[in-house]
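[1] Coordinates for the following, if possible.
(one chain, ligands or ions: 1)
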Amino acid sequence: MHYAHSNTWLSKHVSDQFVKKSKRFGYRSRAWFKLNEIQKINNVISPGMTVLDLGSSPGGWSQYASKQVKKQGHVISCDIQPMHAIPKVSFILGDVFKKNILNNIFKKIKNKIDVILCDIAPNITGITEIDHPKCINMNYKILNLYRSILLKNGIFVIKSFHGSDLITFYTEIKQLFNKIKIFKPNASRAHSKEIYIIAIGYKK
Ligand SMILES: C[S@@+](CC[C@H](N)C(=O)[O-])C[C@H]1O[C@@H](n2cnc3c(N)ncnc32)[C@H](O)[C@@H]1O
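    Predicted coordinates for the structure are as follows:
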């Protein structure tokens, strides 16, 4: 009990540091630090790449990705919430599961996608039995809707959640990529069930 309490305190304290730091450096969100950690360890984004950022607002990941792809690369972002413009980022306002939005995204893609990032968090009720299947179901939908535009050897990074259905999704996605891992960034609150699946080398 005591441990859980201190852990929560520590976790909030650490994440508050990230909020403060993101304000200080002008990053759009604390999430910026999560992608920074993912990139530092896994090197998912390289100069010249085309990156699709799903669930992008307020824009920390798009900001980060646009710097990594440099001048010759491109970032396409989508969210149901508006996002202030970021240089070299094409933003599409709408629901990633809607057909017209999917078509808009597909139209913007010139040479297909090297990296798909998905940081979407669905609305949750706080009841694990309802929320967990909803989250994993959303993961499946993203994978199945968007993998057709991922290049061979492409990379897929998706926010997922610990729970009984994670292993099933993990096992399925594992068959489609050469390398896969589950990653919990320090910038992610320790008590949250959020994790990231990093899948490298799409087999096509
Ligand atoms: C955790 S935030 C993303 C933070 C972002 N990665 C950043 O670095 O600033 C999750 C986002 O998912 C978006 N979202 C949730 N459902 C969505 C949907 N169906 N289509 C598009 N965006 C969605 C929310 O509007 C929210 O902005």
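[2] Residues of this protein that sit close to the ligand?
    When proximity is defined as C-beta under 6 Å from any ligand atom, the chain approaches the ligand at 28-29, 31-32, 55-61, 78-81, 95-97, 119-122. Quick note: C-beta positions are derived from backbone N, CA and C, even for glycine.
[3] Could you rerun that using 8 Å?
    When proximity is defined as C-beta under 8 Å from any ligand atom, the chain approaches the ligand at 28-29, 31-32, 34-35, 53-64, 78-81, 94-98, 101, 117, 119-123, 138, 159.
[4] from these, which would you call buried?
    With neighbours counted by 16 or more other C-beta atoms under 10 Å, the residues of the chain next to the ligand contain buried members at 28-29, 31-32, 34-35, 53-64, 78-79, 96, 101, 117, 119-120, 138, 159.
[5] Now, those residues that are in helices?
    Using DSSP state H, A31, W32, K34, L35, G60, W61, S62, Q63, Y64, I101, M138 are the members of those that sit in helices.
[6] Now render these as JSON lines, adding pLDDT.
    As requested, these are exported to JSON lines (pLDDT from 0 to 100):
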{"residue": "A31", "pLDDT": "94"}
{"residue": "W32", "pLDDT": "95"}
{"residue": "K34", "pLDDT": "96"}
{"residue": "L35", "pLDDT": "97"}
{"residue": "G60", "pLDDT": "96"}
{"residue": "W61", "pLDDT": "98"}
{"residue": "S62", "pLDDT": "98"}
{"residue": "Q63", "pLDDT": "97"}
{"residue": "Y64", "pLDDT": "97"}
{"residue": "I101", "pLDDT": "97"}
{"residue": "M138", "pLDDT": "96"}
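[7] so A187 sits right up against S29, yeah?
    No - with contacts defined as C-beta atoms under 8 Å, A187 does not count as touching S29, sitting 10.1 Å away.
[8] What is the neighbour count of K21?
    K21 sits with 14 neighbouring residues when counted by other C-beta atoms under 10 Å.
[9] what's near enough to touch it?
    When contacts are counted by C-beta atoms under 8 Å, 6 or more residues apart in numbering, K21 touches Y27, F33.
[10] pLDDT score assigned to it?
    We have a pLDDT of 82 for K21.
[11] element containing it, please.
    Secondary-structure element containing K21, defined by DSSP states H and E: helix 2-25.
[12] just to revisit the earlier point, arrange the ones in helices among the buried ones among the residues of the chain next to the ligand in CSV, one row each, with distance to F169 as further columns.
    Shown next, in CSV, are these (distance: C-beta to C-beta, whole Å):
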residue, distance to F169
A31, 21
W32, 26
K34, 20
L35, 21
G60, 25
W61, 21
S62, 25
Q63, 28
Y64, 25
I101, 23
M138, 10
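[13] Let's verify C135: helix, strand, or coil?
    When the structure is split into helix, strand and coil by DSSP: H, G, I helix; E, B strand; the rest coil, C135 lands in helix.
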